[in-house]
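> Provided below for reference: sequence and predicted model.
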Number of protein chains: 2
Amino acid sequence: MQYTSFQPRPRTLLGPGPADVHPRILAAMARPTIGHLDPLFIALMDEIKDLLRYAFRTENRLTMPVSGPGSVGMETCFVNLVEPGDKVVVCINGVFGTRMKENVERIGATAVVVADPWGRAVDPNKLEDALRAHPDAKVVAFVHAETSTGARSDAKTLVEIAHRHDCITIVDAVTALGGCELQVDAWDIDAVYAGSQKCLSCTPGLAPISLNERALERIRSRQARVQSWFMDLNLVMGYWDGSQRRSYHHTAPINALYGLHEALLMLREEGIEQAWARHHRHHLALRAGLEALGLALIVPEGERLPQLNLVSIPEGIDDATVRARLLAEYDLELGAGLGDLAGKVWRIGLMGYSSRPENLMLCLGALGTVLRDLGHGGDIDGALVAAHRQVFG
Amino acid sequence: MQYTSFQPRPRTLLGPGPADVHPRILAAMARPTIGHLDPLFIALMDEIKDLLRYAFRTENRLTMPVSGPGSVGMETCFVNLVEPGDKVVVCINGVFGTRMKENVERIGATAVVVADPWGRAVDPNKLEDALRAHPDAKVVAFVHAETSTGARSDAKTLVEIAHRHDCITIVDAVTALGGCELQVDAWDIDAVYAGSQKCLSCTPGLAPISLNERALERIRSRQARVQSWFMDLNLVMGYWDGSQRRSYHHTAPINALYGLHEALLMLREEGIEQAWARHHRHHLALRAGLEALGLALIVPEGERLPQLNLVSIPEGIDDATVRARLLAEYDLELGAGLGDLAGKVWRIGLMGYSSRPENLMLCLGALGTVLRDLGHGGDIDGALVAAHRQVFG
């Protein structure tokens, strides 16, 4: 066993996340570890909660990062808000809706599926129909920004429909947060979870969540105990809630939280609307470039996420060959397709700190060149010029 | 909201964890983030598994870090190895045994408690009695090194008893791993979990686990689905197990794993027996110093952990005052008592990188001085001399 310190090659991460992490955030994570009950750390926790409220556009008191990846954020929302025997309408238009259904079933609740094609937004009419057919449903769950397909659903409308049928809402905003408009309070979302490693450009491992009073009331009126000790928000809040004496629950991932604080601070410095606009601007530039390369986005205009672009792999081109060459020759990572889309698409993310003009240019130039080598036509010069013009006018 | 980058004061962490993190580990965590399916990262995962096998003294194939704090390691073991309706013997001699019981009950299983006083080891005779009284028990769970009391139980003997009664064993080694002898294979422990932030001196947020073939067989023969999606080892292994194509489960906490790799590498460089010996040597020195200060350890000799020392707070001395002064005047963190021991003890950890002669000296000098100011007698000079002699001869 002759191992040595790990020295990763610096990559450019243009997949579905993790995105490139800003040097300020990496530097923050390397600061000295202090105790998780240190007064200095408790003050940092309060700042993180405030900054998360800014990012989520909410005043929700229960706004905090769960100490685990986005999947733990998801499971935390489900195990607290769903009880055995409940009926939950789950909208599925990709991998993460499917995972929501898994969560519901493992609680011993029933999932009513509203299915839409992968690559399309959730159809509000189908949700309406499902709720009419299942008046005893208590919860509606959907993914705002489907990481597996690049489709954006109309969260505001879906929440309105759910509320009209007396359901509370659980919204997956893992890929949404920081990359496109998300208004937790204005849209009246009841429970939302996200991840640290996408448009916040922090490292993976933390899942910001936010729950409103309606969601908290549902937790308070539960009959069954939450099945997970670690994710039981009644316990977690004893540590994260500033109103009471902090009680020990688990040891928080101190240095990861330093990173999240710095990432949120940078988002605040840029301004959340400005961050949304930046993601949108670079999306338009990428689209212009991809068109010149003869590559098509699979999601219809109007349902596309700016931060995550799914491109059809041209006929006769092997997925793995292209991604391996991009990684080996350009240190550039694009994402592979997931589930039904495996081998058929690339997922090109321009998220957070990755969403920069130079990365656009690298992506179009490198992808165009590798595809040309493999016999695919495409106007590389035109792609670069079109993207550049779109960004700089 | 006028927040700025967080600049923690460098503290000396002599509580129950997190311990001081070595600069090499902090530096590793600040390296550029790469993708969680990058071949370079997959290779790193394999090294981490190997290095964990070294630390755990095991050949278990299923040896890996869970992407969450130690509590998630605990819950992962319980939800995979215990089914609803099972009977589990839980040995409780502190906070973490109590938490094990909570885990058992939230699964819908029955906990049979073997209770021992806080500050004492688990009594093997009581375990034997409980297993005789409950021949239908399937699992025995206990804490090897109780973080709340500083007591070490005889893991080898407890596992032998459990096996004699056809039970598999779940062992909490959160505070044990790296700080005192732990032999997963030689003692035939079936499932063990630990934490990254104690004697490994990494930052908090990861929970190394290891399961043997007997434990895996129990998972394979489950009737009920694992209640947690995130912790279902059948799914997690699809990502962490090298034998198959890695399938996406969740996004691993990349930079935290850089840190764990470096921490394990340093343990390997030092040698695990040497690390155990270092913790023992500094424990003896601390003990000598504390005696000179007139402070008593609450755990009887022979049941004491070297890496975590519980000291009775002298009559008339206020717990919080002393810890606040140590923090404010010396940047020194000692741990408070938990549960029944709150206000009655300090927990002095000499774990991992914190277990150094200079920290011993700081602790004895600072604690002695603050206590003297508060009217408690004690031979500070004698404490320093005794500790120094114990370390350097």
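Nice, thanks for sending it over. Numbering: from 1, shown residues only, chains lettered A, B, ... in the order given.
> tell me the contacts of A:R287?
Listed by CB atoms under 8 Å, 6 or more residues apart in numbering or on different chains, the contact partners of A:R287 are A:L297, A:N309. Yep, even glycine has a C-beta here, placed from its N, CA and C like the rest.
> Now it: which helix or strand?
Per DSSP states H and E: A:R287 is located in helix A:272-292.
> Kindly report the same for A:W346.
strand A:345-349.
> tell me what that strand is packed against?
Other elements packing on strand A:345-349 under the criterion 3 or more CB pairs under 8 Å, 6 or more residues apart in numbering or on different chains; DSSP states H and E are strand A:12-14, strand A:308-312, helix A:319-330, strand A:332-336.
> Save those as a markdown table, and put in mean neighbour count and mean pLDDT too.
What follows is the helices and strands packed on strand A:345-349, written out as a markdown table (neighbours: other CB atoms under 10 Å in any protein chain shown; pLDDT from 0 to 100):
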| stretch | mean neighbour count | mean pLDDT |
| --- | --- | --- |
| strand A:12-14 | 27 | 98 |
| strand A:308-312 | 25 | 98 |
| helix A:319-330 | 16 | 98 |
| strand A:332-336 | 23 | 98 |
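> Would you tell me which of those gets closest to chain B?
Shortest distance between chain B and those, using CB to the nearest CB, is found for strand A:332-336: 4.9 Å.
> tell me what the closest one is packed against?
Partner elements for strand A:332-336 (3+ CB pairs under 8 Å, 6+ apart): strand A:12-14, helix A:319-330, strand A:345-349, helix A:357-373.
> what's near enough to touch the closest residue to chain B within the stretch 1-150 of chain A?
Of all residues in the stretch 1-150 of chain A, A:A30 sits closest to chain B, with a separation of 3.7 Å (CB to the nearest CB). Under the criterion of CB under 8 Å, 6+ apart, the contact list for A:A30 reads A:N255, B:L26, B:A27, B:M29, B:A30.
> Which ChimeraX command selects the buried ones in those?
Under the burial definition 16 or more other CB atoms under 10 Å in any protein chain shown, those of the contacts of A:A30 that qualify are selected in ChimeraX by:
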select /A:255 /B:26,29,30
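> tell me the two of the contacts of A:A30 that are most distant?
Spatially, the most separated pair among the contacts of A:A30 is A:N255 and B:A27, at 11.9 Å (CB to CB).
> Give me the residue ranges of the stretch 201-350 of chain A where confidence is low.
Of all residues in the stretch 201-350 of chain A, those with pLDDT under 70 make up the ranges A:242-245.
> Tell me the residues of it that contact chain B?
Within reach of chain B by CB under 8 Å from any CB of the partner chain, the stretch 201-350 of chain A has these residues: A:203-205, A:225-230, A:248-256, A:258-259, A:261-262, A:265, A:268, A:327, A:333, A:336, A:338.
> on that earlier part again, for the strand holding A:W346, which strands pair with it and how are they oriented?
Taking DSSP bridges as the criterion, strand A:345-349 forms sheet pairs with strand A:308-312 (antiparallel), strand A:332-336 (antiparallel).
> contacting residues around that strand?
Judged by CB under 8 Å, 6+ apart, the contacts made with strand A:345-349 from elsewhere in the structure are A:13-17, A:19, A:147-148, A:150, A:198, A:286, A:298, A:307-313, A:319, A:322-323, A:334-338, A:363.
> what separates it from the chain centre, distance-wise?
Chain-centre distance of strand A:345-349: 15 Å, with CA atoms, centre = their mean, to the nearest Å.
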